[in-house]
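1. how would this look folded up:
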Amino acid sequence: MWAVAAIGGILVMVTGELTPEAAGGVLLRLAPILVFLVAVTVLAELADASGLFDVTARECAHWGRGSTLRLWLMVVGLASLATILLSLDTTAVLLTPVVLSLARQLGLPPIGFAMTTVWLANTASLLLPVSNLTNLLAQDSLGFTTRHFAGHSWAAALAAIAMTVGVLGVRYRATWRTTYEVPPAPRIADRALFVTAAVACLALGPLAIAGLPVAWDASILALVLVAGFVVRRRDVLTVSLVPWRLVVLVIGLFLVVAAGHAHGLDDLLARLTGSGDDLLALLHLSGVATVGANLVNNLPAYAALEPTAGSVPRTFALLVGVNAGPLVLLWGSLATLLWRERCRARGVDVGWREFATTGLVGVPLVVVASTVALSLTS
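-> Got it, this is the predicted structure:
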């Protein structure tokens, strides 16, 4: 997908569909977001290498005391926190294989756990700007501090997580009724790196809420953790830690969408999304955003629809659709594509039918509940 986006971005530049000045404006806007993306990915990858996610997941199994329902609720909490504090890609890419491995070791059916991580990677990504690239773009557009952003998004975020728990709790209830044998307490291989990683990950959210630029926060914390690995495990520090494909994907997609805006896309989408800040208008916008995200992926859907928002409530309704909505088709969000790769690597193949049938029932419930909560607190 990154290669297609790169070719598209190059074509709109070479053919003159997008002027160099307009492209420069796109890159200028994306620069701090891409810095954050690289920094938080390095931070999450090194945290994973320190054993933070593996030990935490095993500790959840220990605390679950043999109850699969209790274990699942702990995974829900862990996935929600990972998404909120470290972005949805962290949950999709790093937490998913840990949780699936844990399910295998405990002899539990993995499909419910797999669906839990991908759903919460998307639906739990509404609270903070750092939780999703779309949130960072919205924060930049609105000029909000992180605290101000969370003040508008908290109700929708809480509703999305609560409805996700309800949907998946019912959908995979047979799994949650089982039990497992309690494993031994997890062992920490390198306590210094483990503690450093834990502190760095937990510090990102509070620093962002304090009003510091998230790109700087994530970069400083990532550098602290890099320094720890330089001293204790230098072999882990490779170029592969940098998500260059994701950077190319984001730049390419936004160049293509910018070219569309330059050729009348705004007028077409404005007619499609309507106007107004009342509940029906917000439901209309979040519904259109949900459909768009599932059809063309949530990043280009947000970039295309952002100019049609026009107000704070509508911007957050748009985020509800593109963040919590792309769970019907497997290409709806980049996190979902990355999640499916990790599932396959662990021998868990979630078919499109399983994914779509769960999404067709659950996504409308999540999106409507979140939009209603947003409307009540706007």
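
2. quick one: the nearest residue to Trp119 once chain neighbours are set aside from Arg177, how far?
-> Distance criterion C-beta to C-beta, 6 or more residues apart in numbering; nearest residue to Trp119, sequence neighbours excluded, is Thr164 at 5.1 Å. The C-beta positions use only the backbone N, C-alpha and C, and glycine is treated the same way. According to C-beta to C-beta, to the nearest Å, Thr164 and Arg177 sit 19 Å apart.

3. Likewise for Leu319?
-> On the measure of C-beta to C-beta, Leu319 and Arg177 end up 35 Å apart.

4. Pro300 too?
-> Distance, Pro300 to Arg177, by C-beta to C-beta: 41 Å.

5. between those two, who's got more neighbours?
-> Between Pro300 and Arg177, counting by other C-beta atoms under 10 Å, Pro300 is the more crowded of the two (22 against 10).

6. And the pLDDT for the more buried one?
-> We have a pLDDT of 85 for Pro300.

7. Next up, identify which helix or strand it is on.
-> helix 298-305 (DSSP states H and E).

8. and that helix, how far out from the chain's middle?
-> Offset of helix 298-305 from its chain centre (C-alpha atoms, centre = their mean, to the nearest Å): 15 Å.

9. got the buried residues for the following helix or strand past it?
-> Per DSSP H and E, helix 298-305 leads on to helix 312-319 as the next helix or strand towards the C-terminus. Buried residues in helix 312-319, counted by 16 or more other C-beta atoms under 10 Å: Pro313, Arg314, Thr315, Phe316, Ala317, Leu318, Leu319.

10. give the contact list for the second one.
-> The reference is to Arg314. Taking C-beta atoms under 8 Å, 6 or more residues apart in numbering, we find Arg314 in contact with Asp277, Ala281, Leu282, Leu285, Thr308.

11. On the three-state scheme, the fourth one is what?
-> In this case it means Leu285. State at Leu285, reduced to three classes by DSSP: H, G, I helix; E, B strand; the rest coil: helix.

12. Which residue, neighbours along the chain excluded, lies closest to it?
-> Closest to Leu285 by C-beta to C-beta, 6+ apart is Ala317, at 4.6 Å.

13. Quick check: pLDDT value at the one you found.
-> Reading off the model, Ala317 has pLDDT 97.

14. thought it was touching Val372?
-> No - Ala317 lies out of contact with Val372 (C-beta atoms under 8 Å); the separation is 10.6 Å.

15. anything in contact with each of these two?
-> Leu283.

16. average pLDDT across stretch 236-244?
-> Throughout stretch 236-244, pLDDT has a mean value of 88.

17. who touches it?
-> Residues contacting stretch 236-244 (C-beta under 8 Å, 6+ apart): Leu37, Val38, Thr41, Val42, Glu45, Leu46, Ala49, Val226, Phe229, Val230.

18. Now do it: distance to the chain's middle.
-> With C-alpha atoms, centre = their mean, you get 20 Å for stretch 236-244.

19. Please name the nearest non-neighbouring residue to Pro184.
-> Spatial nearest neighbour of Pro184, excluding adjacent residues (C-beta to C-beta, 6+ apart): His62 at 8.0 Å.

20. Quick one: residues contacting that neighbour.
-> Val182, Pro183, Pro184, Ala185, Pro186.

21. Contacts only, for the first one.
-> Residues near Val182 by C-beta under 8 Å, 6+ apart: Ala61, His62, Gly64, Arg65, Gly66.

22. For Gly51, see how far away it is.
-> 20 Å.

23. Contact partners for the residue nearest to Trp119?
-> Residues near Thr164 by C-beta under 8 Å, 6+ apart: Trp119, Leu120, Thr123, Ala124, Gly362, Val366.
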